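Q: Fold the following and give me the result.
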Amino acid sequence: LLRFRFLETDTIPAWSNLFLTSRSGRNFIESHAVSSAGQHNISLSLMKTLVLPLPPIAEQRRILASVERLLEKVSQAKERLERVLATLRRFRQAVLAAACSGRLTADWREINKVTIDATNVLNRLEVLRRNEWEVRELAKLAARGGAPKSDGWKERYKPPVAPKLSSDVELPSSWVWTNVASVARLDVGFAFRSAEFSDSGVRLLRGENMEPGSLRWLDVKYWPEEKIANFTHLLIEAGEIILALDRPIISTGLKVARAKPEDLPCLLVQRMMRFKMFDTSLTDYIYLCLLTPSFTESLQDSTTGSDLPHITGTGVSEFTFSLPPDDERSEIVRRVQILFSLADRIEGQAKSALRRVEMLSQAVMAKALRGELVPTEAELARREGRNYEPASELLARLKASKNGGAIPKRARVKKPSKQAMGNGDGLREFMEG
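A: Numbers count the residues shown, from 1 in each chain. Presented below is the predicted three-dimensional model:
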């Protein structure tokens, strides 16, 4: 830590702080900082070489007052925009809650007669689930060179666990409760050996490549294409839901996303989970259920580990949610997409405005440090026909004090100088070592 002890305590500390927090001051520190033990630091000797503009004291006061007023307005604008973003987050959660409880489509049910309720959907899913299990079991037997001699092997099939019914939500009569185990098979990736990674090939989908709502490919690892034959079952398909099992919940939300065509091809890596839907027509709705706070809360309850929080497949498969009939489910997805699209547009405009507002702070400080924010002291003195102490006299007083003498009285100049600011001799001229 460095402590700045100023010889002139009237405005110099605040003026110096203004410069240090400006883009110019930050650029100086960043360009001269050195890294040691993973931390950046800058020496006192380097800080003493920092050069900054020095206006007269009276001008400093006016500049600082003007900067304070303008930055307060900037701060207020930023707060309003941040409230808009917070409101949009709450709006999306309210939409999801209404969608997954039946409230969003209450008017739709009044004018649309339900002919097939969600119980039929569950029955269809159970048939698909069992058929998918039998196909995989037969493939395992064939891989071992065997074949079933009877249907006894089918008795090993285990139906999904019963959903945990909620008494807090009253569902429409045509809806049912179900859980993830009833609608999807959960695949976990493979622990690919890092020694076999290559510079090109098929991308490996790891926890580092996930963020809430999307996949990101900033730090990419590849698996050689010639070695992919044994892992084709781990190739991700467009639209599939992916969930990170390690540190799944971060400050910006839950690390769950759907793969897009531009994300492919990629392979599922260990500690990453894929939802392999028994009926892909349910994917859009199931994804909405996974975005609700109730899913995140259920994961928090089943998370293990403190240094590296981890969730298990059991905790995911037992998550219970409501399931509507097919026609209503399609209407729910349509309405949510419309509302989310509107929220996305507003959010984009708010974020763009927020970026411009955040740039205003630096623009105000830059203008202040160039002497363009308020009239200069020399200009005002000429208008008012009075004397003033120029920056050169201020700097001389500071130098005299630093050299051991008392701070001289401020000089008064009868003829104002045209130069409003000093030559910027640096912090070393008025800061004690």
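Q: switch to C-alpha atoms for all contacts and neighbour counts from now on
A: Fine.
Q: Need the nearest residue in space to residue 109, chain neighbours excluded.
A: residue 328 (7.8 Å; C-alpha to C-alpha, 6 or more residues apart in numbering).
Q: OK, contacts around residue 270?
A: Counting by C-alpha atoms under 8 Å, 6 or more residues apart in numbering, residue 270 makes contact with 188, 189, 190, 191, 192, 206.
Q: re earlier: may I ask you to confirm that the residue nearest to residue 109 belongs to a helix?
A: Yes - note on residue 328: a helix contains this position according to DSSP: H, G, I helix; E, B strand; the rest coil.
Q: was I right about it contacting residue 103?
A: No - using C-alpha atoms under 8 Å, residue 328 is not in contact with residue 103; the gap is 11.6 Å.
Q: Neighbour count for these two, which is higher?
A: Taking neighbours as other C-alpha atoms under 10 Å, residue 328 and residue 103 compare with residue 328 leading, 22 against 17.
Q: thinking again about what came up before, identify the contacts common to residue 328 and residue 103.
A: Counting by C-alpha under 8 Å, 6+ apart, nothing touches both residue 328 and residue 103.
Q: Give me the subset of the contacts of residue 270 lying in strands.
A: Secondary structure from DSSP state E places residue 188 of these in strands.
Q: May I see the contacts of residue 270 organised as JSON lines, with neighbour count, pLDDT and distance to residue 110 added?
A: Shown next, in JSON lines, are the contacts of residue 270 (neighbours: other C-alpha atoms under 10 Å; pLDDT from 0 to 100; distance: C-alpha to C-alpha, whole Å):
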{"residue": "188", "neighbour count": "21", "pLDDT": "95", "distance to residue 110": "42"}
{"residue": "189", "neighbour count": "20", "pLDDT": "95", "distance to residue 110": "45"}
{"residue": "190", "neighbour count": "14", "pLDDT": "96", "distance to residue 110": "48"}
{"residue": "191", "neighbour count": "10", "pLDDT": "95", "distance to residue 110": "51"}
{"residue": "192", "neighbour count": "15", "pLDDT": "96", "distance to residue 110": "53"}
{"residue": "206", "neighbour count": "23", "pLDDT": "95", "distance to residue 110": "46"}
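Q: Please tabulate the contacts of residue 270 in a markdown table, including the columns distance to residue 226.
A: As requested, these are exported to a markdown table (distance: C-alpha to C-alpha, whole Å):
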| residue | distance to residue 226 |
| --- | --- |
| 188 | 22 |
| 189 | 19 |
| 190 | 17 |
| 191 | 18 |
| 192 | 14 |
| 206 | 20 |
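Q: Report the two of the contacts of residue 270 separated the most.
A: Using C-alpha to C-alpha, the contacts of residue 270 reach their maximum pairwise distance at 188 and 192, which is 12.4 Å.
Q: Common neighbours of these two, please.
A: 269, 270.
Q: So what's the residue count around the residue nearest to residue 265 when sequence neighbours are not counted?
A: Distances taken as C-alpha to C-alpha, 6+ apart put residue 202 closest to residue 265, at 6.2 Å, once the chain neighbours are dropped. Look at residue 202: counted by other C-alpha under 10 Å, it has 22 neighbours.
Q: Return the backbone torsion pair for residue 202.
A: Residue 202 adopts backbone torsions of phi -100, psi 130, taken as degrees, to the nearest 10.
Q: In the sheet, which residues pair with it? Tell me.
A: Here residue 202 sits in beta bridges with residue 223, as judged by DSSP bridges.
Q: Now do the SS call for the residue nearest to residue 343 when sequence neighbours are not counted.
A: Computed as C-alpha to C-alpha, 6+ apart, the closest residue to residue 343 that is not its neighbour in sequence is residue 88, at 6.4 Å. Look at residue 88: counting by three-state DSSP, its state is helix.
Q: State the distance from residue 88 to residue 348.
A: 11 Å (C-alpha to C-alpha, to the nearest Å).
Q: Can you report how many residues lie near residue 53?
A: Residue 53: 18 surrounding residues under other C-alpha under 10 Å.
Q: Which neighbouring elements make contact with the helix or strand encompassing residue 346?
A: Using DSSP states H and E, residue 346 falls within helix 326-369. The helices and strands touching helix 326-369, judged by 3 or more C-alpha pairs under 8 Å, 6 or more residues apart in numbering; DSSP states H and E, are helix 12-21, helix 23-32, helix 57-99, helix 283-290.
Q: Counting by contacts, list what the longest one packs against.
A: Looking back up the chat, that one is helix 57-99. If you count contacts as 3+ C-alpha pairs under 8 Å, 6+ apart, helix 57-99 packs onto helix 12-21, helix 326-369.
Q: I'd like these laid out as TSV, including mean pLDDT and distance to residue 162.
A: Below are the helices and strands packed on helix 57-99 laid out as TSV (pLDDT from 0 to 100; distance: least, C-alpha to C-alpha, whole Å):
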stretch	mean pLDDT	distance to residue 162
helix 12-21	86	59
helix 326-369	95	21
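Q: Which residue is the nearest non-sequential neighbour of the residue nearest the centre of the chain?
A: Nearest to the centroid of the C-alpha atoms of the chain, with distances taken as C-alpha atoms, centre = their mean, sits residue 252, at 4.5 Å. Closest residue to residue 252 apart from its sequence neighbours, by C-alpha to C-alpha, 6+ apart: residue 212 at 6.8 Å.
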